[in-house]
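Engineer: 3D model of this:
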Amino acid sequence: MFLKKITLLKEQVPSYHQYPFSIPSIKSLDELEINVPITFLVGENGSGKSTLLEAVADKCEFNTAGGGRNNYYDTDASDAALGDFIRLSWMPKVTNGFFLRAESFHQFASHVDEVGARAAYGGQSLHAQSHGESFLSLFVNRFKGNAIYLLDEPEAALSPQRQLSFLKIMYELAAEKNSQFIIASHSPILLGCPGAEIFSFDHGKIQKTAYEDTDHYQITKYFLQHREKFLHDILSSEEENT
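Structural biologist: The predicted structure is shown next:
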């Protein structure tokens with residue numbers, strides 16, 4: 001465990017009427033305590049989970065377009081507007097790690113080719129692999145331990161089977177290699193990782209929630225158990241609204 005607490009510096013916030021401080025979950029944030037090596041951030045799109053994750057990456061001095069401290073490129077980098085207004089509490093401080101943004105991974109793969117660093121990713125261009133293969137290549141070759149990994153929707157390119165493969169990699173790194181993960185995710189598979197804590201950004205505040213209480217679990221479970229009724233209800237409702 002490295003990162004123990006994220007604190008919003010409320011006395012420095014210029015206005016709660018401007019983004020990102022106008023996001024309800026960010027506005028209500030005081031301190032977020034992190035107690036386990038694997039932490040998930042969940043919530044609807046726009047709920048603030050990625051905004052907070054990018055701010056943490058910025059404070060860690062990772063490239064907010066994706067990468068670590070030594071990956072210098074500007075394409076599609078986020079301005080991480082919240083980064084100047086949070087404080088990270090460490091025990092101990094760690095400088096190794098990686099920030100993954102699924103939406104800009106293509107640019108990161110190009111950066112790897114441009115600097116001639118293919119050897120660090122299995123010896124093959126990430127572009128020469130499928131999207132899912134390139135993600136797994138990153139996880140297998142770049143994630144080594146004694147580091148903090150900040151991942152924004154890592155499941156985006158992964159099939160269910162490969163999500164399970166990544167879950168195993170993550171679990172073993174956390175258990176055996178002194179690694180910490182903070183992950184924004186919509187995946188009911190990844191969220192089921194044993195020992196992980198989940199924080200929901202819905203309903204205007206950040207609060208710890210049980211796996212079985214997440215929408216991801218409940219909606220997926222209901223869909224699998226009542227697929228025909230679920231689809232009938234949704235599609236009938238859509239027809240009535242057209």
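
Engineer: Now do the strands in the protein.
Structural biologist: 3-8, 31-33, 38-42, 86-90, 97-101, 148-152, 180-184, 197-200, 207-209 (DSSP state E).

Engineer: Can you give me the buried ones in the fourth one?
Structural biologist: It stands for strand 86-90. Neighbour-count burial for strand 86-90, counted by 16 or more other C-beta atoms under 10 Å, picks out I86, L88. C-beta: built from backbone N, CA, C; applies to glycine.

Engineer: same thing with the longest one?
Structural biologist: The neighbour-count check on strand 3-8 (16+ other C-beta under 10 Å) flags L3, I6, L8 as buried.

Engineer: which residues touch it?
Structural biologist: Outside strand 3-8, the residues within contact range by C-beta atoms under 8 Å, 6 or more residues apart in numbering are 26, 29-34, 52, 56, 85-91, 94, 148, 180, 182.

Engineer: one step back: would you mind saying which of the strands of the chain lies nearest S22?
Structural biologist: Proximity to S22, assessed across the strands of the chain by C-beta to C-beta, is greatest for strand 3-8 (13.3 Å).

Engineer: can you list the buried residues of strand 3-8 in JSON lines and add pLDDT and distance to P188?
Structural biologist: JSON lines is the format used below for the buried residues of strand 3-8 (pLDDT from 0 to 100; distance: C-beta to C-beta, whole Å):
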{"residue": "L3", "pLDDT": "97", "distance to P188": "25"}
{"residue": "I6", "pLDDT": "98", "distance to P188": "25"}
{"residue": "L8", "pLDDT": "97", "distance to P188": "29"}
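
Engineer: between the residues you listed, which is closest to S200?
Structural biologist: Each of the buried residues of strand 3-8 was checked against S200 using C-beta to C-beta; the closest is I6, at 15.5 Å.

Engineer: quick revisit: which of the strands of the chain has the lowest mean pLDDT?
Structural biologist: For the strands of the chain, mean pLDDT drops lowest on strand 97-101, to a mean of 90.

Engineer: just the buried members of the contacts of strand 3-8?
Structural biologist: The neighbour count (16+ other C-beta under 10 Å) marks 26, 29, 32, 34, 52, 56, 85-86, 88, 94, 148, 180, 182 as buried among those.

Engineer: Nearest to A157, out of these: which one, please.
Structural biologist: Using C-beta to C-beta, I182 comes nearest to A157 of the buried ones among the contacts of strand 3-8, at 19.2 Å.

Engineer: so where is the chain shaky, pLDDT-wise?
Structural biologist: Of all residues in the chain, those with pLDDT under 70 make up the ranges 1, 70-80, 104, 106, 111, 115-117, 119-122, 238-242.

Engineer: How is it partitioned into domains?
Structural biologist: Domain assignment for the chain, taken from automatic domain parsing, gives 3-100+143-209, 211-242.

Engineer: most tightly surrounded among those?
Structural biologist: For the domains of the chain, the largest average neighbour count (mean count of other C-beta atoms under 10 Å) is found in domain 3-100+143-209, namely a mean of 18.
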